[in-house]
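1. Need coordinates for the below:
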Amino acid sequence: ISDNFSVRPIVDPTKLPLLKMERKRWDYYAKFDTQVGDLHNQVGFSHEIDNHLGRRWKHELNSADIFNAFRFPDIHVNKYKIFDTMKYVLNEQNDFEFGLAYEYNKAKMRANDYKFHPMGGKHLPSSREVWQYYYGINFDGVVDTDAFSAEFKYNFMPNKISKYTINLAHIERIGENPERFSSLSNPFTFNENDQGKLKMWRGKQMNIANPLIKKEEHNFIKLSSNLKSENFKNYMNEIFGDSYNFVIDFMYDDVKNLIIFDRFAKDGAIITRNVDAKIFKASSLLEYNLNSNLGFSAKGFYAYGRNDTDSKPLYQIRPLELDLNLDYKDYFSFGTYNVGSALRMVSKQTKGDFDKKNHAGVDNRDSAKGFATMDLYAGVNFKDKFGVRLGVNNIFDKKYSEFINVNHVQSVAPKAVNAPGRNVYLSFHAAF
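-> Next up is the predicted model:
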């Protein structure tokens, strides 16, 4: 249970809508493993019950608050899933993995036709009426959806120092509750034609998802390779040194019916819709032990996304990033000590959904700026029993904010939240 008014100061109580969320979830699952020769098989079943209720009131100072909309109209969802995964080891150089999954999703809105009391003589629409206005559908509050997924993976290991992998998959994803069942309308703009009111309230307190939105269908191929020297065991854990480990991954995803947030042209309400898209990702990792004491590592990441339906920008596409580490480790009579540095460089993201007037506006230009930060750290480990670690993160006190915001992509007015500035930490650990 959560709300938006109990844990923060209220500047103007007359302008604060009160939103209360209640959610209960139960998960049950069972799985069974078998091994027959070189074939391993796992079958399983799961059942999830998800009850989700979100209500909004208009706050009144001298009278009872007015209940005027549902964020989630008492949703009751049952999710059933069966799956089967198997792995067959052909020989030391070749193995195969294959998986199948089927999901059945049954959702019911128990408050779909709830009748609100008029507010100031104005009719307050039910969730059914909200969805009919924004999507032109007469939704009866019940929807059944299913999804089928399959994935194949082949691993080729010609020797002990190299491995090559190919993944082919068709993954179907049913939208989550915020993507399907939000019905939060604004009573001041619903079915309103007054341009003054529409401009004043544009995009405010409106979040209306499509209950009949199509499931996503991902068709992707992923290629991976891993090359390392014969004497490489772990990064900064070598006796002889002069060893390396190199990993590179490529992924291409042709998506049908990707679920995205957008805006309703008339009043700026947040809505959901499907688009076809293509997404490409690449990542790499290099770990190099120069000798038994000194090591260097580098990680890189690149992503690209394209909306093929109407060429509107896709949001939250990760910018180009490079992370570098330099580490030193040595031994003394009571254990080991180490010192190191980490440099993180993130490029400016020029492609994004920055326009909240015409698009969802999830991305923020202040968060799209490039930046670089450096960390320094040191530690002492006493014979793997007790350790102390001291470090300074963001040593130059760089002001920046992260472009990727996984916790809140439905913000009507996204704000840049700065990452922590210079900070010092001291940690201890022990093993018994």
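
2. is it true that Lys197 lies in a strand?
-> No. Assignment of Lys197 by DSSP: H, G, I helix; E, B strand; the rest coil gives helix, placing it outside any strand.

3. tally of neighbours for it?
-> Counted with other Cβ atoms under 10 Å, the neighbours of Lys197 add up to 14. Just so you know, the C-beta spots here come from the backbone N, C-alpha and C atoms, and that holds for glycine as well.

4. Would you agree it is in contact with Thr189?
-> Yes. Assessed by Cβ atoms under 8 Å, Lys197 is found in contact with Thr189 at 6.2 Å.

5. Find the residue closest to Pro17 in space, skipping its chain neighbours.
-> Arg56 (5.4 Å; Cβ to Cβ, 6 or more residues apart in numbering).

6. Check the gap between that neighbour and Phe354 for me.
-> Counting by Cβ to Cβ, to the nearest Å, the separation of Arg56 from Phe354 is 28 Å.

7. Let me see the contact set for Arg25.
-> Glu48, Ile49, Asp50, Asn51 (Cβ atoms under 8 Å, 6 or more residues apart in numbering).

8. Let me see the contact set for the first one.
-> Read that as Glu48. By Cβ under 8 Å, 6+ apart, Glu48 lies in contact with Arg25, Trp26, Asp27, Tyr28, Val77, Asn78, Lys79, Lys81.

9. Which of those ranks first by neighbour count?
-> Counting neighbours by other Cβ under 10 Å, Val77 leads these with 21 neighbours.

10. Name the residues of the lengthiest helix in the chain that come out as buried.
-> Taking DSSP state H as the assignment, the helix of the chain that covers the most residues is helix 127-135. For helix 127-135, burial by neighbour count (16 or more other Cβ atoms under 10 Å) applies to Ser127, Arg128, Glu129, Val130, Trp131, Tyr133, Tyr134, Tyr135.

11. So which residues of the stretch 301-432 of the chain form helices?
-> In the stretch 301-432 of the chain, no segments count as helices under DSSP state H, counting those that start in this stretch.

12. any low-confidence regions in it?
-> Residue ranges of the stretch 301-432 of the chain with pLDDT under 70: 406-414.

13. Strands along that one, start to end?
-> Counting by DSSP state E, counting those that start in this stretch, the stretch 301-432 of the chain has strands at residues 321-332, 335-346, 371-382, 386-393, 423-430.

14. Parallel or antiparallel, which strands does the fourth one pair with?
-> Meaning strand 386-393. With DSSP bridges as the test, strand 386-393 is paired with strand 371-382 (antiparallel), strand 423-430 (antiparallel).

15. Go through it and flag the buried ones.
-> Within strand 386-393, the residues that qualify as buried are Gly387, Gly391, Asn393, counting by 16+ other Cβ under 10 Å.

16. If we only consider those residues, which is nearest to Phe70?
-> Lowest distance from Phe70 to the buried residues of strand 386-393 (Cβ to Cβ) belongs to Asn393, with 42.6 Å.

17. which residues touch the nearest residue to that closest one once chain neighbours are set aside?
-> Spatial nearest neighbour of Asn393, chain neighbours left out: Asp375 (4.8 Å); criterion: Cβ to Cβ, 6+ apart. Counting by Cβ under 8 Å, 6+ apart, Asp375 touches Ser341, Ala342, Arg344, Gly391, Val392, Asn393, Asn394, Ile395.

18. Could you grab the helix/strand/coil label for Ile239?
-> Put simply, Ile239 is coil when judged by three-state DSSP.

19. residues touching it, list them.
-> By Cβ under 8 Å, 6+ apart, the contact set of Ile239 is Ser292.

20. Check the gap between Lys58 and Leu184 for me.
-> Lys58 sits 13 Å away from Leu184, taking Cβ to Cβ as the criterion.

21. out of those two, which sits in the busier spot?
-> A direct count of neighbours by other Cβ under 10 Å for Lys58 and Leu184 places Leu184 higher, at 24 against 19.

22. isn't the more buried one right up against Pro73?
-> No. Using Cβ under 8 Å, Leu184 is not in contact with Pro73; the gap is 9.9 Å.

23. Report the separation between Asp146 and Val362.
-> Noted for Asp146: a distance of 29 Å to Val362, by Cβ to Cβ.

24. neighbour count winner among the two?
-> Between Asp146 and Val362, counting by other Cβ under 10 Å, Val362 is the more crowded of the two (24 against 13).

25. can you pull out the helices in the stretch 151-300 of the chain?
-> For the stretch 151-300 of the chain, applying DSSP H, counting those that start in this stretch gives helices covering 177-180, 195-200.

26. Deepest in the core, which of those helices is it.
-> Comparing the helices of the stretch 151-300 of the chain by mean neighbour count (mean count of other Cβ atoms under 10 Å), helix 177-180 comes out on top with a mean of 19.
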